[in-house]
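K.L.:
next one to model:
(one chain, ligands or ions: 1)
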Amino acid sequence: MHKFLNKIKKFEQKPFVIKNFINMDEVKLFNKLFQKLPIEINNKRQKILKKKWSSNYEPDLQKIYLEKLNLILENFSMDNPKTKDGYDSLGLFQESFSPVSLHVDSGFDFNKIIYKQTLLPLSEEGETVIFKNRFYGCSTTFSIDPVELSAKGYNKRSSEHLNLFGGKDFDKNMHKKYLNHEDINNLKGLEIDLIYKWNLGDLLVFDRTTLHCSSSNLKSKKLGLTSLMVKL
Ligand SMILES: [Fe+2]
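P.N.:
Got it, this is the predicted structure:
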């Protein structure tokens, strides 16, 4: 259990979107940076390519990014896993060709005050679903599929969410429209808070304790940068 659970809860808010967080020239700079970075993970099963923003790449853009984040969030530090080479990371670029399934990015350190995570869309296409439901364990992918549950990865795999939120059947229409890639029985007890349609220049900010996933509306691919933060 988290040591600072009360503090974590105290800083919780509804998800929000900052319009014009970056301009279109900066969107291009982030895209160029993504092209330059070495591949961290190429997961063929999940059809996702991950690259970490290693702190030895693009110091000028790092300064811009951190200054802008400091305008909207107070007293935080980055909490992204280090690169393979041991460098600090400013975030994770994720290029996905299929929708990311239900999970939480709470990390694995119960001595930290986990705070916000941000998503910077870098492609026109993309949609993210944030639920009202929260989870106070470690980073976990939630599934009822035996294949997924036995898969190995960074996140823990579990179906323990089904015992936490009351088990009410999920809305059939919303499932069909936005969450077709999930088994509707994996969504029991969940309630949607925000369906965020990606828009270049925006920044989506939400709590690290909230369950979320991609929407099923993904025709070709999407690219975004996500950063994880802890409260100082
Ligand atoms: Fe996530």
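K.L.:
who does the top strand by length along the chain pair with, and is each partner parallel or antiparallel?
P.N.:
Longest strand in the chain, counting residues (DSSP state E): strand 222-231. Its sheet considered, strand 222-231 pairs with strand 76-78 (antiparallel), strand 89-96 (antiparallel), strand 114-121 (antiparallel) by DSSP bridges.
K.L.:
right, and the ones you listed - which one's nearest S216?
P.N.:
With Cβ to Cβ as the criterion, S216 lies closest to strand 89-96 of the strands paired with strand 222-231, at 12.2 Å. For glycine as for every other residue, the C-beta is placed from the backbone atoms N, C-alpha and C.
K.L.:
how far does the longest strand of the chain sit from its chain's centre?
P.N.:
Chain-centre distance of strand 222-231: 6 Å, with Cα atoms, centre = their mean, to the nearest Å.
K.L.:
again, but for stretch 20-36
P.N.:
Taking mean C-alpha positions (Cα atoms, centre = their mean), stretch 20-36 and its chain are 19 Å apart.
K.L.:
restrict it to CA atoms and write it as CSV.
P.N.:
What follows is stretch 20-36, C-alpha atoms only, in CSV (Å, rounded to 0.1, in the frame of the first residue of the first chain):
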residue,chain,number,x,y,z
ASN,A,20,-2.3,25.5,-27.2
PHE,A,21,0.2,24.0,-24.8
ILE,A,22,2.7,23.9,-27.7
ASN,A,23,2.6,25.5,-31.2
MET,A,24,2.8,23.8,-34.5
ASP,A,25,6.5,24.4,-34.9
GLU,A,26,7.1,22.7,-31.6
VAL,A,27,4.9,19.8,-32.7
LYS,A,28,7.3,19.3,-35.6
LEU,A,29,10.3,19.5,-33.2
PHE,A,30,8.8,16.7,-31.1
ASN,A,31,8.1,14.6,-34.2
LYS,A,32,11.7,15.1,-35.4
LEU,A,33,13.0,14.1,-31.9
PHE,A,34,10.9,11.0,-32.1
GLN,A,35,12.5,10.0,-35.4
LYS,A,36,16.0,10.5,-34.0
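K.L.:
now do the longest strand of the chain, average pLDDT.
P.N.:
For strand 222-231, mean pLDDT is 98.
K.L.:
same question for stretch 165-183.
P.N.:
pLDDT averaged over stretch 165-183 gives 97.
K.L.:
got the CA positions of that stretch in CSV?
P.N.:
Listed next in CSV are the C-alpha coordinates belonging to stretch 165-183 (Å, rounded to 0.1, in the frame of the first residue of the first chain):
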residue,chain,number,x,y,z
PHE,A,165,-16.0,-1.0,-8.5
GLY,A,166,-19.3,-2.8,-7.9
GLY,A,167,-19.5,-4.9,-11.0
LYS,A,168,-22.3,-3.1,-12.8
ASP,A,169,-22.6,-4.0,-16.5
PHE,A,170,-20.8,-1.4,-18.7
ASP,A,171,-22.9,0.7,-21.1
LYS,A,172,-23.4,-1.2,-24.3
ASN,A,173,-23.5,1.8,-26.6
MET,A,174,-20.4,3.4,-25.2
HIS,A,175,-18.6,0.0,-25.5
LYS,A,176,-19.6,-0.3,-29.2
LYS,A,177,-18.7,3.3,-29.9
TYR,A,178,-15.4,3.7,-28.1
LEU,A,179,-14.2,0.5,-26.4
ASN,A,180,-14.7,-2.3,-28.9
HIS,A,181,-11.2,-3.7,-28.4
GLU,A,182,-12.0,-4.5,-24.8
ASP,A,183,-14.2,-7.4,-23.7
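K.L.:
ranges for the strands of the protein?
P.N.:
Under DSSP E, the chain gives strands at 16-18, 41-43, 48-54, 76-78, 89-96, 103-104, 114-121, 127-134, 140-142, 156-158, 192-197, 203-207, 210-214, 222-231.
K.L.:
I'm done for today, thanks for sticking with me.
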